[in-house]
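Student: Could you work out the structure for the sequence below:
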Amino acid sequence: MRQDVRAKHMPSAMVPKIYDSRLADRNLEIATEDAYAMARHLSRGAGLLVGISAAAAVAGSLKIAQGLSLRRGEQAVIVTILADSGDKYLSERFWTEGQ
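Tutor: I've put the predicted structure just below:
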């Protein structure tokens, strides 16, 4: 089963004209704090300096994987794109919070 998940806070986002909400199989919400924690984890644990959107994409992918692992015998390949870098976030406080 294919799952397309879009990462965007739709109520506050400027929605591009090319966006078609009918293409997403479902909407998956990732809390900002979870994205911050994943960004810290990826930078410290895996050496990947990613931005908040990329970290949220990884958190969402893991959430989907956990849901799939509950189904007996189901296998999947989960792919996500880390489309932003963390360099523009280096001055943000979340790097030192929640350690």
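
Student: the helices in the chain, which residues?
Tutor: Defined through DSSP state H, the helices belonging to the chain, from first to last, are 32-46, 52-69.

Student: What helices and strands are in contact with the longest one?
Tutor: Right, helix 52-69. Packed against helix 52-69 by the contact rule (3 or more CB pairs under 8 Å, 6 or more residues apart in numbering; DSSP states H and E) you find helix 32-46. No exception for glycine: its C-beta is placed from N, CA and C like everyone else's.

Student: Buried ones in the helix it packs on, by neighbour count?
Tutor: Within helix 32-46, the residues that qualify as buried by neighbour count (16 or more other CB atoms under 10 Å) are 34-40, 42-43.

Student: so what's the residue nearest to residue 52 when sequence neighbours are not counted up against?
Tutor: Leaving aside its chain neighbours, residue 52 sits nearest to residue 35 (5.0 Å; criterion: CB to CB, 6 or more residues apart in numbering). With contact set as CB atoms under 8 Å, 6 or more residues apart in numbering, residue 35 has these partners: 52-53, 55-56, 59.

Student: Neighbour-wise, which one of the residues you listed leads?
Tutor: For the contacts of residue 35, the largest number of neighbours (other CB atoms under 10 Å) sits with residue 55, at 28 neighbours.

Student: ok so, going back, and of the contacts of residue 35, the nearest to residue 94?
Tutor: Distance from residue 94 was checked for each of those by CB to CB. The minimum falls on residue 52, at 8.5 Å.
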